[in-house]
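Participant: Structure for the following, please:
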Amino acid sequence: MDNNQTPYILALTKVSGIGPKISKILVSYSGGFEAVFNQSKKALLAIPGIGEYAAKSILEADPIQLVEEELRFLAKQDDIHILPYTDPAFPSRFRNFEDSPLFLYYRGSIPALQANRTVGIIGTRSATQYGKDICENIVRDLSGYGVTIISGLAYGIDSIAHQTSVSEGIPTIGILGHGLDMIYPASNKKLASHMVKDGGLLTEFSPKTQPAREHFPMRNRLVAAMSDAIIVVESPKKGGSMITAELANSYNKDVFAVPGKLSDEKSEGCNLLIKSHKASLYQSAKDIAYIMRWDQEQSTPRQMHMPLDLNQDEMTVFQILKEHESMAIDQMHYKLEIPLSQLSALLLNLEFKGLVRSLPGKKYTLAHK
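Facilitator: Alright, predicted model coming up:
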């Protein structure tokens, strides 16, 4: 990422009346983060979703002044990555969700963010010995499937999932409900330092942001979005794990729950998820491998050659899709610097030629990849 763009990326989240969805529209129409702040009032008002108040907020904003504190912090931290949604390193699993962040703060291994398989393991902060043992066994059972473990670095099941992953040499990513200038709970500081070697720490919250109660549901939505499947180990009827499970269901993710005794309050949530058909019964890693089709042999990818009947612009779009599994139209617009209207027409032509197909979330991929 171009570090010169960092102040403008950070500043866009500070402008009053501008959320992630509108910010992405602004970036797409303006041609970049810095360009948003260089637009005229007339140009801003011509962008869908931008009214007088939002335009006025942008025009009056001083991007550098808005993010002085963050820039000072980042200047002292050479191991923190700023990942805007247009960056190839931005987790691809977030791109389909309208409420995904404009950018993320990340400390750790970049390849871990694009893991082929991710499993979220969540549960109560006050785990029983049964829950602790089950959680450890789940992580060990998953070790043979090349997964990355996702959780929230909280007390209880989260911490056990991360710790067991580190012990087993499995990449694990902790998604935080606060800034990267601290670790909460503090007792997980040493664990976090081990996690960043092969996995990492991910947050949408700026430095100095405290772990407030309202931040954890926001954190939970990222855990759900980042995971291909979610396993609830122990949970009462109400709590963060149940919220995460509900979010995962709304994102069409596979949810699993570990059953417990009918009389055990800490298993009431898991039993309810299974009873209400909101989660599959988890007994072993084979259950996940079967439902996720991990055990099926992968066919050999077909070699893609550049078609000869494309004009230069079509070839440019084809080539960038050849280099990525899939790509959102706004990301292509940002990287190729092609106007959105022209890019949409190019993609439509490529679809007519049977070379490109559209995916949910305004994403595109090669038809025969």
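Participant: Assumed residue 119 was part of a helix.
Facilitator: No. Assessed with DSSP: H, G, I helix; E, B strand; the rest coil, residue 119 is strand; it does not lie in a helix.
Participant: ok, it to residue 172 distance?
Facilitator: 10 Å (CB to CB, to the nearest Å). Just so you know, the C-beta spots here come from the backbone N, C-alpha and C atoms, and that holds for glycine as well.
Participant: Next up, the contacts around the residue nearest the centre of the chain.
Facilitator: Closest to where the C-alpha atoms of the chain average out (CA atoms, centre = their mean) is residue 94, at 3.8 Å. Taking CB atoms under 8 Å, 6 or more residues apart in numbering, we find residue 94 in contact with 85, 100-101, 222, 225-226.
Participant: next one: residue 90
Facilitator: 83-84, 103-104, 113.
Participant: Can I get these in JSON lines including pLDDT and secondary structure?
Facilitator: Formatted as JSON lines, the contacts of residue 90 follow (pLDDT from 0 to 100; DSSP: H, G, I helix; E, B strand; the rest coil):
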{"residue": "83", "pLDDT": "95", "secondary structure": "strand"}
{"residue": "84", "pLDDT": "93", "secondary structure": "strand"}
{"residue": "103", "pLDDT": "95", "secondary structure": "strand"}
{"residue": "104", "pLDDT": "97", "secondary structure": "strand"}
{"residue": "113", "pLDDT": "95", "secondary structure": "helix"}
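Participant: Kindly reformat the residues you listed as TSV containing distance to residue 8 and neighbour count.
Facilitator: TSV is the format used below for the contacts of residue 90 (distance: CB to CB, whole Å; neighbours: other CB atoms under 10 Å):
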residue	distance to residue 8	neighbour count
83	15	21
84	10	25
103	11	24
104	16	23
113	22	26
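Participant: Looking at these, spot the one nearest residue 128.
Facilitator: Ranked by distance to residue 128 (CB to CB), the contacts of residue 90 are led by residue 113 at 32.7 Å.
Participant: For the nearest residue to the closest one once chain neighbours are set aside, give its distance to residue 228.
Facilitator: The shortest distance from residue 113 to any non-neighbouring residue, by CB to CB, 6 or more residues apart in numbering, is to residue 91 (4.8 Å). Per CB to CB, residue 91 is found 12 Å from residue 228.
Participant: Likewise for residue 69?
Facilitator: 36 Å.
Participant: Neighbour count for those two, which is higher?
Facilitator: Legend: neighbour count by other CB atoms under 10 Å for residue 69 and residue 228, higher for residue 228 (20 against 12).
Participant: which residues touch that one?
Facilitator: Residues near residue 228 by CB under 8 Å, 6+ apart: 93, 117-119, 253-254, 292.
Participant: how near is it to residue 24?
Facilitator: For residue 228, the distance to residue 24 - CB to CB - is 24 Å.
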